[in-house]
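Peer 1: what follows is a predicted structure for the sequence shown.
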Amino acid sequence: MSRPYRLDVRLAVVVTVMSALTLVAAGMVLKMEFTGGQFAIEERGLTSQVEDWAARVRREADGSVVFERPAETTEDLDPPYTGLLTGVRPVYGYAVVEADGRILDRSAAKAPAGRPGPRTSTPVLSSGQALDGSGPLLIGEVYVPEAGAWLRVARARSDVEALANTFFAQLVEEMGWAALVLLLAIVVTAVAVVRVSLIGLRRVAIQAGRITFENLGRERLDGAPAPAEVQPLIAAVNTALDGIEAGASAQRDFSIHAAHELRTPLADLRLRLEGLPSGADRTAAMRDVDAMARLFEQLLHIARLDGGAAFELQPLDLAETVAEVLQEAAPRLVAEGRPVEAEGLETPVLVLGNSTLIALVVRNLLENVRKHTPIGTRVKVRVVEDGTVFFHDTGPGLPPRFHGTGFARFVRGNDDVRSGSGLGLSICETAMRRMGGTFRLDTSVADCLFVMAFRSTAGRTTGRAPPERAPDPLTGDRSADSGAGPVQAR
């Protein structure tokens, strides 16, 4: 899977490239306009030069043509402010020619080649080469009636291009840093605008992160803080969540109805089995009926927990609640030869929870001990003042396949379907999560120790590490005597 791109980084790259291209294009256009404008200035200057020099052409009495060329300035001005006098001296070249193209007088450099045009007193501009083959030249010519010849004045076009290049080189040198600063400011502004615009989208992402299967019926994405461009996506996600909720509700209702409907036939079947003579088949059938009844009961619990049933959380005495559950559920284990001890039940421990869910967790753990540990297994339940409950048994512990599953549903300790449904620990974890607490397995002991951390009445989840224990964690010898003792059957 390709790594997702960052919108601000992509925008920064795009803005940088576009800005750079814009600056380059603007510079090229500006140079073209400047060069075109400079050529227009040069043409006007050349026209004036031809008209001014035409008055200096005359024919002598002997028939010779004389041209008195004025001297050019030799002072070099700093570029790019040399104006019309930029170029290699002399700036202008000339040629005095007759109608047949015979040259009567010429300059040493930049003398234009070619035949003259029509006889006109208005200067005519054209392009051509020099007599020495250099060029191209910008040529202005005019017919001088007094001399009966044409005066052709020229200057190199490269001088104009050199002027433009010099001007822009100076411009880049003086304004280049300003352009870079402007480009950086544009990129930073664009990235900042994108990040500020995405704040609303990040809030929607936080909302999405809070949606779980437990609150699916109450939570939806609020698109108000998000940009209009992602509103269709938010609406589509909410529609998908509605569909998921509807499907989960239908599945949950089916599980509840099926479990309820099967309870009555199972009860009738059990009554009929109890009326049969004792034997191995009867015992096996009774065991299977009990397993099915427990499975249906667990499916009901799962459906109610997943369905967001109203389990009101309120401050309660955790020690008293656990004691009531043990007084009701522990006698069966004690009668079967699995002693149960409790510690810390005399000291009130206020937590935020639900007595029904707490009873569900403790009963499931006790039932697991009864079904999956041998006779003689000892159970100890310890309630600590910070709202943590330690449930410890000296049985064989959880099979290796449980580790790393995160209490997933339908994970059994073995492949025997009669050994259990694989829902008990998942129910415990889900119930604790519904109360805002945590449920975990402490792997620091060789047998089995579950740690349940409840939320305090101040809203903080407890969950300190188990207190230091002696080699026999069941007795709790390192702890002060807090009234521990075996739970007696009523």
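Peer 2: Right, received. Where do you want to start?
Peer 1: state the distance from residue 394 to residue 373.
Peer 2: 8 Å (Cβ to Cβ, to the nearest Å). Backbone N, C-alpha and C define where each C-beta goes, glycine included.
Peer 1: do you have the strands of the stretch 101-250 of the chain handy? List them.
Peer 2: All strands of the stretch 101-250 of the chain, identified by DSSP state E, counting those that start in this stretch, fall at 103-106, 124-128, 137-144, 149-156.
Peer 1: name the strands paired with the last one and say parallel or antiparallel.
Peer 2: This points to strand 149-156. Sheet pairing of strand 149-156 (DSSP bridges) gives strand 93-97 (antiparallel), strand 137-144 (antiparallel).
Peer 1: what's it in contact with?
Peer 2: Residues outside strand 149-156 that contact it (Cβ atoms under 8 Å, 6 or more residues apart in numbering): 42, 46, 49-50, 53-54, 57, 59, 65, 67, 87-88, 91-99, 104, 110-112, 116-117, 128, 130, 134-144.
Peer 1: can you flag the buried ones in the residues you listed?
Peer 2: With neighbours counted by 16 or more other Cβ atoms under 10 Å, those contain buried members at 42, 46, 49-50, 53-54, 57, 65, 67, 87, 91-97, 104, 110-112, 116, 130, 135, 137-144.
Peer 1: closest to residue 240 out of the strands paired with strand 149-156?
Peer 2: strand 137-144 (73.5 Å; Cβ to Cβ).
Peer 1: taking strand 124-128 as reference, get the angle to that closest one.
Peer 2: 140 degrees (axes from the mean of the first three to the mean of the last three Cα atoms, to 10 degrees).
Peer 1: what does the average pLDDT come to for strand 137-144?
Peer 2: For strand 137-144, the mean pLDDT works out to 89.
Peer 1: how about stretch 266-277?
Peer 2: 77.
Peer 1: list the buried residues in it.
Peer 2: 269-270.
Peer 1: if I pick the closest residue to residue 398 other than its chain neighbours, what's in contact with it?
Peer 2: Nearest non-adjacent residue to residue 398, counting by Cβ to Cβ, 6 or more residues apart in numbering: residue 448, 6.1 Å away. Contact partners of residue 448, counting by Cβ under 8 Å, 6+ apart, are 392-393, 395-398, 441.
Peer 1: by neighbour count, which of these wins?
Peer 2: In terms of neighbours by other Cβ atoms under 10 Å, those top out with residue 393 at 25 neighbours.
Peer 1: in the sheet, who's paired with that one?
Peer 2: According to DSSP bridges, beta-bridge pairing links residue 393 with residue 379, residue 448.
Peer 1: wait, it sits on residue 377?
Peer 2: Yes. Counting by Cβ atoms under 8 Å, residue 393 sits close enough to residue 377 to count as a contact (5.5 Å).
Peer 1: circling back to that earlier point, state the distance from the residue nearest to residue 398 to residue 129.
Peer 2: From residue 448 to residue 129 the distance is 105 Å (Cβ to Cβ).
Peer 1: look up phi and psi at the residue lying closest to residue 47 once chain neighbours are set aside.
Peer 2: Closest residue in space to residue 47, ignoring its immediate chain neighbours: residue 123 at 4.7 Å, by Cβ to Cβ, 6+ apart. Backbone torsions of residue 123, given as degrees, to the nearest 10, read phi -60, psi 140.
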